[in-house]
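> quick one, what's the 3D model for this:
(one chain, ligands or ions: 1)
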Amino acid sequence: MLRVRKRWWSPVVIALSLALSVGTLSVSAATPDYQSAGDEATKILSEYLKIDTTVPPGNEQKGAEYLASVLKKDGIESQILETAPGRACVYARLKGNGKKKAIVLLNHIDVVPANAADWKHPPFCGEIHDGELWGRGALDMKGMGIIQLEAMLLLKRSGISLDRDIIFLGTPDEEVGGIYGAGWMKKNHPELLKDAEFLINEGFSIEADDSGKAKYWGVNFAEKGALWLELTAKGQAGHASMPLTDSATNRLVRALYKIEKAGPNFKVLPPVEEYFKNVSKVENGELQSTYANIAESVKDPSKLKLIMSDVLKSSMLRNTMSLTVMKAGYKTNVIPGEATAQLDCRILPGYTKDEVIDWVKKTIEEPNIDIKVLEWEQAQPSNIDTELYKSIKEVAAEEAPGIPVVPVLVPWFTDSHWFRELGITAYGFEPVETDRVHMATMHGVDERIPVKGLQDGVRRMHKILEKSAGSK
Ligand SMILES: [Zn+2]
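So this is what the prediction gives:
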């Protein structure tokens, strides 16, 4: 798969460059030595993984300073923007000619906690074992941060003329909400991002089968909205020896049961239909025919079990509600006067929060249960008819002929939402094959990235940026 040139400049390109340097035409750069770049990225990531940026408390400033020091070696100056004590963003910009608007390379510096006793190799070792680089954050998402950084270094070194600025932005706090990271940037320094058209972040990758072979390149163009609700029932308290049919607990349980029993209410959005159509091509048997015409399949009760067996894909087809928190009572023999439950609802683009709340009210048929909104983030899909999306498709065609590029609506959310709110077209795409085993290590134990995956990622990211930002 590796298409590597050992030399930075081929003689032909040197001659061509010299010939064109006297004119006004823009010069496209030679193919970089991707092998050396991949080796360099591996070393940089190894050092980066040794810096413990677990949230809480984060201490991401150490990570930000490390990234700034790497950029500085190539003459790229960074700003360290402190968001809270010990916590900081790193922001750097590679200047283009300003013909087009900038691309932001967004990555978070913080990582989730790791319990060293559960890991095969220490979570902050940054060591290579069996061709894989180990450490908390290798996949989520220090690895992607270094792929972006190395791609930026390659652009700088090649001297290629850019129509767009490339902005590198590392942020703290993503894993706990982003208020002191991406949210802080949006609130305090929108001027640093106001000329950006695109953003590339984590959010999806190249889905691989169990043998590591690519199935499709998934570009997260939208994340579902989040609506967190608290339902509270109030009623008469009493002695548990004399049951009250309409106690707060009984009424709440009946209401929740109705929500659970309501089952999935499917809505197939056009980009989601396209997603399933593409994915059907890499599936077999009944799954293939089911996905090929998903809009019809969701109406067929005999296909329900199969559709619902994939929790990720089926979540793209409907609003979901997970019962997460329940509180009531303090003593076994006392009927409590109040009971509450919290629902984490993930909502497709196009719905308002009032529509969802109305559905809950109608379903529970319980006017005396109070519904409070704890959190509401509306889904903000990004357009996929863009130069950047086209560039990803072109690179996929070069790198992995026959493997489709597919827009993905994901049920979780990342820091992309802060920037979509600023009107920036944001894609979650890590150009690395990720199989189920590696996926499970994110936020789990033994997180690691195959060195080949990291190195392929650098090459692909560089190509995507060159195509979408390089002067034509
Ligand atoms: Zn992440």
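> for the chain, give me the ranges with low pLDDT.
1-29 (pLDDT under 70).
> mind redoing it with 80?
Low-confidence segments of the chain (pLDDT under 80): 1-30.
> closest to the centroid, which residue in it?
The residue lying closest to the centre of the chain (CA atoms, centre = their mean) is G203, at 1.6 Å.
> that one: which element?
strand 196-208 (DSSP states H and E).
> excluding its backbone neighbours, what's nearest the residue nearest to the centre of the chain?
Of all residues not flanking G203 in the chain, G428 sits nearest, at 1.6 Å (CB to CB, 6 or more residues apart in numbering). Bear in mind the C-beta positions are built from the backbone N, C-alpha and C, glycine included.
> now for that neighbour, how many residues are close by?
27 (other CB atoms under 10 Å).
> continuing past the strand or helix carrying it, what's the next helix or strand?
Element membership for G428, per DSSP H and E: strand 425-434. For strand 425-434, the following helix or strand on the C-terminal side (DSSP H and E) is helix 436-441.
> that following helix - contacts with which helices or strands?
Packed against helix 436-441 by the contact rule (3 or more CB pairs under 8 Å, 6 or more residues apart in numbering; DSSP states H and E) you find strand 448-450.
> contact partners for the closest residue to G98 other than its chain neighbours?
Take G98 and drop its neighbours on the chain: the residue closest to it by CB to CB, 6+ apart is D165, 7.4 Å away. D165 sits next to R93, L94, K95, G96, G98, A102, I103, D195 when contact means CB atoms under 8 Å, 6 or more residues apart in numbering.
> same thing with A262?
If you count contacts by CB under 8 Å, 6+ apart, then A262 has T363 around it.
> identify the residue nearest V298 in space, chain neighbours excluded?
In space, V298 is closest to F266, 3.9 Å off (CB to CB, 6+ apart).
> does the one you found touch M316 like I think?
No: if you go by CB atoms under 8 Å, F266 and M316 don't touch, sitting 10.1 Å apart.
> of those two, who's got more company?
More crowded of F266 and M316, by other CB under 10 Å: M316, with 22 against 16.
> isn't the more buried one right next to L409, touching?
Yes: proximity of M316 to L409 meets the contact threshold set by CB under 8 Å, at 4.7 Å.
> okay, and the common contacts of those two?
Contact criterion CB under 8 Å, 6+ apart; residues shared by M316 and L409: V272, Y275.
> circling back to that earlier point, for the residue nearest to G203, give me its contacts.
Shown in contact with G428 (CB under 8 Å, 6+ apart): N201, E202, G203, F204, V219, N220, E223, V408, V410, T414, S416.
> the same query, at a cut-off of 6 Å, please.
Contacts for G428 (CB atoms under 6 Å, 6 or more residues apart in numbering) come out as N201, E202, G203, F204, N220, T414, S416.
> of all those, which two lie farthest apart?
F204 and S416 (10.7 Å; CB to CB).
> tell me which of the two has more neighbours.
S416 (27 against 24).
> who's in contact with I424?
Contacts of I424 by CB under 6 Å, 6+ apart are A196, L199.
> just the helices in the stretch 101-250 of the chain please.
Taking DSSP state H, counting those that start in this stretch to define them, one finds helices in the stretch 101-250 of the chain at 142-158, 182-188, 248-261.
> elements contacting the longest one?
Helices and strands touching helix 142-158, by 3 or more CB pairs under 6 Å, 6 or more residues apart in numbering; DSSP states H and E, are helix 34-49, strand 102-108, strand 166-171, helix 451-469.
> my guess is the residue nearest to the centre of the chain contacts T414, does it?
Yes: using CB atoms under 6 Å, G203 is in contact with T414, at 4.9 Å.
> can you list the domains in this structure?
According to automatic domain parsing, the chain comprises the domains 27-224+380-469, 226-377.
> quick one: end-to-end length of stretch 411-425, please.
18 Å (CA to CA, to the nearest Å).
> repeat that for stretch 152-165.
One end of stretch 152-165 to the other measures 11 Å (CA to CA).
> can you point out the buried residues in it?
M152, L153, L154, L155, K156, S158, I160, S161, L162, D163, R164, D165 (16 or more other CB atoms under 10 Å).
> the fifth one and the ion, how far apart?
It refers to K156. 26 Å (CB to the ion, to the nearest Å).
> need the contact list for that residue.
Neighbours of K156 in contact, by CB under 6 Å, 6+ apart: D74, L94.
> please enumerate the strands of the stretch 251-400 of the chain.
320-328, 334-335, 338-347, 369-377 (DSSP state E, counting those that start in this stretch).
> so what's the nearest residue to I76 once chain neighbours are set aside bridging to?
Once flanking residues are discounted, I76 sits nearest to A92: 5.2 Å by CB to CB, 6+ apart. According to DSSP bridges, the residues that bridge with A92 are S78, F168.
> quick one: residues contacting A92.
L71, I76, S78, F168.
> what parts of the stretch 1-150 of the chain come near the ion?
Within reach of the ion by CB under 5 Å from the ion, the stretch 1-150 of the chain has these residues: D140, M141.
> contact partners of stretch 44-56?
Residues from elsewhere that reach stretch 44-56 (CB under 6 Å, 6+ apart): 59-60, 62-63, 66, 70, 109-111, 113, 124, 126, 135, 142-143, 146, 175-176.
> got the buried residues for that stretch?
Here stretch 44-56 shows I44, L45, S46, Y48, L49, I51, D52, T53, T54, V55 as buried, counting by 16+ other CB under 10 Å.
> same deal with stretch 358-375?
Neighbour-count burial for stretch 358-375 [16+ other CB under 10 Å]: W359, V360, T363, I364, E366, I369.
> swap in stretch 76-84?
Applying 16+ other CB under 10 Å to stretch 76-84 flags I76, S78, L81, T83, A84 as buried.
> same check on stretch 124-144?
Those would be 124-126, 132-144, for stretch 124-144 by 16+ other CB under 10 Å.
> ok, stretch 59-70 next?
Buried, per 16+ other CB under 10 Å, within stretch 59-70: N59, E60, Q61, G63, A64, Y66, L67, A68, V70.
> can you add secondary structure and distance to A117 and give those back as TSV?
Below are those laid out as TSV (DSSP: H, G, I helix; E, B strand; the rest coil; distance: CB to CB, whole Å):
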residue	secondary structure	distance to A117
N59	coil	22
E60	helix	25
Q61	helix	28
G63	helix	24
A64	helix	29
Y66	helix	27
L67	helix	30
A68	helix	33
V70	helix	32
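> adjacent strands (with direction) for the strand holding G203?
Using DSSP bridges, the strands paired with strand 196-208 are strand 102-108 (parallel), strand 214-223 (antiparallel), strand 425-434 (parallel).
> next, the angle helix 451-469 makes with the last one.
Spelled out, that is strand 425-434. Interaxial angle, strand 425-434 versus helix 451-469 (axes from the mean of the first three to the mean of the last three CA atoms, to 10 degrees): 150 degrees.
> cool, and the first one?
If you take the same axes, to 10 degrees, strand 102-108 sits at 150 degrees to helix 451-469.
> what angle do strand 102-108 and strand 166-171 make?
20 degrees.
> relative to helix 142-158, how tilted is strand 102-108?
150 degrees.
> now the second one
Interaxial angle of strand 214-223 relative to helix 142-158 (the same axes, to 10 degrees): 90 degrees.
> output strand 214-223 as PDB, restricted to C-alpha atoms.
Only the C-alpha atoms of strand 214-223 are listed here, as PDB (Å, rounded to 0.1, in the frame of the first residue of the first chain):
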ATOM      1  CA  ALA A 214     -11.000  -1.000   5.200                       C
ATOM      2  CA  LYS A 215     -14.700  -1.300   4.700                       C
ATOM      3  CA  TYR A 216     -15.400   2.400   4.100                       C
ATOM      4  CA  TRP A 217     -14.000   5.900   4.800                       C
ATOM      5  CA  GLY A 218     -16.600   7.400   7.200                       C
ATOM      6  CA  VAL A 219     -16.800  11.200   7.400                       C
ATOM      7  CA  ASN A 220     -18.800  12.500  10.300                       C
ATOM      8  CA  PHE A 221     -20.700  15.400   8.800                       C
ATOM      9  CA  ALA A 222     -23.200  15.600  11.700                       C
ATOM     10  CA  GLU A 223     -23.700  14.600  15.300                       C
END
